[in-house]
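Engineer: give me coordinates for this.
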Amino acid sequence: NFHKDQKMISEDLALGNILQEHISNKKDIAVFDRGMKERKTMVELSNKDKYFVTRIYKSSKYEIEKGSKVIPLDFEDETIKLIKHSKVYLYANQKKTKIVFRLVEGILKSDGEKILFLSNLPEEEFTADQIAKIYKKRWDIERFFRFIKQELNFKHYFSRQWNGIQVMIYIILIASILLLSYIKLNGLKGYKIPKISFCNQLQNEIIQQVVIHCGGDPSKLETFNT
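Structural biologist: You can find the predicted model right below:
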């Protein structure tokens, strides 16, 4: 969603708006990052049986549900080690939520940072490690955003009109598909050198087609280049 209202700079409002609109049924699981600090939206989603998986900040205030057990976990993969699973109440504006959430605590292997996953998925259907795996899926999206920003220089919109924004997004997506396909088909690694090579070859192909269209001989291009 694209918003023009200044108030929608707030991730709580913008993200909450998207979640309310686009989680249509129990088969959908929304996955989002720590940008949402407003607990009200999480409670509303839970009351409507709309499921989500997210992260919360280490400094987030919560309280373990009385009578529930903190379950030690023994799961790890190449990136994370899960420590424990518990049922908790969150705090919003100094008030404890009435909804109980699932909290999965882990440690990143790369730097030892504690990471907290939060979800309202039913315990009888989803294990703690499945919650972590679901959240991990969104990391692929983050890597893609980093790729188009760093490698394809997609950092700013050159139009504020919806049609112009769509055109720019489609161009970037097409360019990313072409570049990634070029790298895979040629067995290359990295992005910088393959991108230069790809652009040079694409430019030569376009020039050849222009020459042919104008009735010229594209084979003479090699003689011209030398």
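
Engineer: tell me, please, the helix or strand in the chain that averages the lowest pLDDT.
Structural biologist: Least confident helix or strand, the chain: helix 220-225 with a mean of 64, by mean pLDDT, DSSP states H and E.

Engineer: tell me where the model's unsure across this protein.
Structural biologist: Within the chain, the segments meeting pLDDT under 70 span 23-26, 222-226.

Engineer: middle-most residue in this structure, spatially?
Structural biologist: Taking CA atoms, centre = their mean, the centroid of the chain lies closest to residue 141, which sits 3.4 Å from it.

Engineer: three-state assignment of that residue?
Structural biologist: helix (DSSP: H, G, I helix; E, B strand; the rest coil).

Engineer: next one: it from residue 211, what distance?
Structural biologist: Per CB to CB, to the nearest Å, residue 141 is found 42 Å from residue 211. C-beta here means a position set from N, CA and C on the backbone, and glycine is covered the same way.

Engineer: and if you look at residue 221?
Structural biologist: 7 Å.

Engineer: mind listing the strands for the chain?
Structural biologist: For the chain, the strands defined by DSSP state E occupy 29-32, 51-56, 62-64, 71-76, 80-92, 95-96, 101-108, 114-119.

Engineer: could you point out which of those strands sits nearest residue 205?
Structural biologist: Nearest to residue 205 among the strands of the chain is strand 29-32 (39.9 Å), distances taken as CB to CB.

Engineer: from the contact counts, what lies against the closest one?
Structural biologist: If you count contacts as 3 or more CB pairs under 8 Å, 6 or more residues apart in numbering; DSSP states H and E, strand 29-32 packs onto helix 11-22, strand 51-56, helix 128-150.
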